[in-house]
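Peer 1: Give the three-dimensional model of this entry:
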Amino acid sequence: MTPNAAGRRAVVAFAALLGALAIGGCGIRSTQVPVDAGPAPSRVPCEVSGGNLTQAQPESGVPVRVYLVCASQLESVDRTAGVPEKKALTDRVQVAQALIDELQKEPSSSEREAGFATYVRGPIVAGGPRKGDPAGTLRLNRQPEDLPAPALAQIVCTFAESRAAAPGGAVVLGGPGAYAPRSYSCSQAAKERPDETVPTLGALPSPSSSE
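Peer 2: Okay, here's the model as predicted:
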């Protein structure tokens, strides 16, 4: 082997050694070594632990279920509404108002920790039907379709599972103006996407001159 050839081989070997050291110095690890990326991101539980203990309870009332927003969906929570039990069985308007009052309350500390929020902002007042309104109509002091979509979805789904619902389970709502009431449905889509328009039903109950 000539001296020149031996010199060239030495230069190549030295360059390879420098490359290996550079790679090691950059901290590149073998793919066989596991990398700890930390725990997976946590999500809100949407479940009140130990019940709604910090929500102020009225001296008398009835258990109710209302829908709040959690993780961009509607989820139910249990409350005690301040309406006498006898009225809860006979007075739809008073039941509706009690439910709206619950929806307008700020979530309790335990509800907030679980991720709950409400979009229903007052004052919202419920009243009975006018002459010629469909059976089971509830008229609000604000036009229902003017409410934020999540707020209307909260009201509709809360009413749908209570005595505030119209015959057949629909929720028939009107406003203070001359517009005809609309019949709303608490569908699964409304619960999963409350920020979208609440679905309405095509057919309304029979008209009622008084309720």
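
Peer 1: Could you use CA atoms for every contact and neighbour count after this?
Peer 2: Fine.

Peer 1: This protein: strands as residue ranges?
Peer 2: 62-70, 73-81, 116-117, 126-127, 138-140, 171-174, 182-184 (DSSP state E).

Peer 1: Pick the most buried one from these.
Peer 2: Per residue and on average, the most neighbours among the strands of the chain fall to strand 171-174, with a mean of 28 (mean count of other Cα atoms under 10 Å).

Peer 1: contacting residues around that strand?
Peer 2: Outside of strand 171-174, the residues within contact range by Cα atoms under 8 Å, 6 or more residues apart in numbering are 134, 136-140, 143-144, 156, 159-160, 164-166, 180-185, 204.

Peer 1: could you give me the average pLDDT of that strand?
Peer 2: Averaged across strand 171-174, pLDDT comes to 96.

Peer 1: for stretch 111-127, same thing?
Peer 2: 95.

Peer 1: Distance to Gln97 added to the strands of the chain, as JSON lines?
Peer 2: Output for the strands of the chain, formatted as JSON lines (distance: least, Cα to Cα, whole Å):
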{"stretch": "strand 62-70", "distance to Gln97": "12"}
{"stretch": "strand 73-81", "distance to Gln97": "10"}
{"stretch": "strand 116-117", "distance to Gln97": "19"}
{"stretch": "strand 126-127", "distance to Gln97": "5"}
{"stretch": "strand 138-140", "distance to Gln97": "10"}
{"stretch": "strand 171-174", "distance to Gln97": "13"}
{"stretch": "strand 182-184", "distance to Gln97": "18"}
